[in-house]
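Participant: from the sequence below, what's the structure:
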Amino acid sequence: MDYKMVMLLLINGAIYNKKLGLMEEIWSEIDWRYVKDEAYQHNCMALIFPSVKRIQEQFNCIDKQLFNMWETEVEEMVDTYKNNNKRIQEVVDVLKSKNIEVTLFKGAVLAHVYPVSQYRNSWDIDLYVDKVDKDAAISELNNIKYVVNEDESVDGVIVLEKDDTKIDLHTDLWNCFNAELKEKLEKLEIENKKNHIDFVGEEIKCKTFNATKQFEYLFLHMMKHFKENGIGIRHLIDVTLFYDKYKKEIDVDLVRTEMNTIGCISFYEAMCSLCIAHLGMNRDAIVNNYIIEPHIYDKLLNDIFDAGAFGEKTVRRIKFNKMKEKMNNKSFASKIKNRFKKSNVVSESYVTNIEKERAELIRMLEL
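Facilitator: Now for the predicted structure:
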């Protein structure tokens with residue numbers, strides 16, 4: 001069974017509300033427990049559930065206990081994040097009341113291009129403020145009980161936490177890039193207020209990057225993760241849904257020109273090709289004559305589903321342990337510990353092979 005194709009079929013069925021084909025015999029052969037675990041590792045367990053539910057209603061081929069557990073976990077996830085927008089607006093309003101200009105980006109904005117915004121769950125709220133406003137912003141957030149996490153904060157990104165809410169307060173979008181590349185990225189002027197627009201979402205009203213700059217940032221953020229520890233399929237879902245919603249507002253020619261100037265045009269074209277082939281992204285995102293080489297295509301898809309998931313698992317394991325230590329809450333730990341499988345523990349040779357494969361991909365994509 002090719003579980004990459006199964007996952008992609010379920011994702012497409014969910015994001016485009018499509019009826020899924022295939023015979024009952026094929027759906028019955030699927031290891032749905034494995035699919036659920038992989039979906040969780042790629043942060044799309046809630047997203048694909050509508051597809052799973054349709055299959056269960058039509059064929060009744062999923063173990064009832066597993067299906068009920070899946071449904072309950074999705075309901076809990078939606079319930080957890082349904083108040084997230086209110087928390088975001090509270091933070092934005094507090095900062096704006098002190099004349100601190102704040103710009104929301106990444107997850108909270110991307111959630112609004114999903115069929116159900118809560119299906120794009122995220123622990124973090126990403127905000128951008130000018131460096132001159134950093135201390136004032138931290139002070140105001142302290143006043144509403146957000147506390148700086150010194151261990152997770154780095155130069156350019158201050159991490160603040162309150163209960164289960166985490167704010168990444170950015171004063172530098174490019175702090176993790178080398179000096180030469182950072183200089184090129186700063187010329188994109190994504191931080192410049194002229195490139196920020198009003199954003200109105202579910203219970204959120206604030207500033208965000210304009211569609212072109214947001215689209216550029218998504219790919220640059222994806223490139224960073226790809227080079228560090230791999231990306232998951234949700235990165236591609238994000239850019240696909242964002243592009244398809246805002247394609248009339250995105251200056252694709254400018255995006256391609258700037259990606260070429262930065263030196264990541266091959267990465268951009270390759271990722272868009274995957275999105276077009278497997279997630280239904282509009283073809284306008286790339287030049288008509290671009291064709292990804294088959295050997296790169298296969299390696300990329302494997303890396304996203306295998307190595308990318310491993311990278312996500314590693315990060316999620318670290319986050320889980322930190323939350324467990326912080327909260328010291330046995331009921332909390334017992335509630336979600338089943339979501340961290342033994343598959344998180346992998347051999348050193350497996351990790352080494354992943355690193356070699358990705359190093360080769362980085363070379364092929366000229367990153």
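
Participant: any weak-confidence spans in the stretch 1-150 of the chain?
Facilitator: Within the stretch 1-150 of the chain, the segments meeting pLDDT under 70 span 21-24.

Participant: just the helices in it please.
Facilitator: 3-15, 24-29, 32-41, 49-59, 64-81, 84-97, 107-110, 134-143 (DSSP state H, counting those that start in this stretch).

Participant: the stretch 201-350 of the chain too?
Facilitator: 211-228, 233-246, 252-262, 265-279, 294-302, 308-327, 330-336, 348-364.

Participant: make CSV out of those helices and add mean pLDDT, mean neighbour count and distance to K134.
Facilitator: The way it works is simple: take the backbone N, C-alpha and C, and place the C-beta from them, glycine included. Formatted as CSV, those follow (pLDDT from 0 to 100; neighbours: other Cβ atoms under 10 Å; distance: least, Cβ to Cβ, whole Å):
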stretch, mean pLDDT, mean neighbour count, distance to K134
helix 211-228, 95, 20, 20
helix 233-246, 96, 22, 27
helix 252-262, 95, 16, 26
helix 265-279, 93, 21, 31
helix 294-302, 85, 15, 38
helix 308-327, 48, 16, 24
helix 330-336, 40, 11, 32
helix 348-364, 76, 13, 33
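
Participant: for D124, which of these is the nearest?
Facilitator: helix 308-327 (10.1 Å; Cβ to Cβ).

Participant: quick revisit: looking at the helices of the stretch 201-350 of the chain, which is closest to P115?
Facilitator: Comparing the helices of the stretch 201-350 of the chain under Cβ to Cβ, the one sitting nearest is helix 233-246, at 8.7 Å.

Participant: before we move on, the earlier item: which one of the helices of the stretch 1-150 of the chain lies nearest to I354?
Facilitator: Short answer: helix 32-41, nearest of the helices of the stretch 1-150 of the chain by Cβ to Cβ, at 14.4 Å.

Participant: show me which residues of that closest one are buried.
Facilitator: The neighbour-count check on helix 32-41 (16 or more other Cβ atoms under 10 Å) flags W32, V35, K36, D37, E38, A39, Y40, Q41 as buried.

Participant: now do that helix against helix 49-59, angle only.
Facilitator: On the basis of axes from the mean of the first three to the mean of the last three Cα atoms, to 10 degrees, helix 32-41 is oriented at 160 degrees to helix 49-59.

Participant: I'd like to know which elements helix 32-41 is packed against.
Facilitator: If contacts are counted by 3 or more Cβ pairs under 8 Å, 6 or more residues apart in numbering; DSSP states H and E, helix 32-41 sits against helix 3-15, helix 64-81, helix 308-327.

Participant: tally of neighbours for the closest residue to I158 other than its chain neighbours?
Facilitator: With sequence-adjacent residues excluded and distances taken as Cβ to Cβ, 6 or more residues apart in numbering, I158 is closest to L169, at 4.3 Å. Using other Cβ atoms under 10 Å, L169 has 25 other residues around it.
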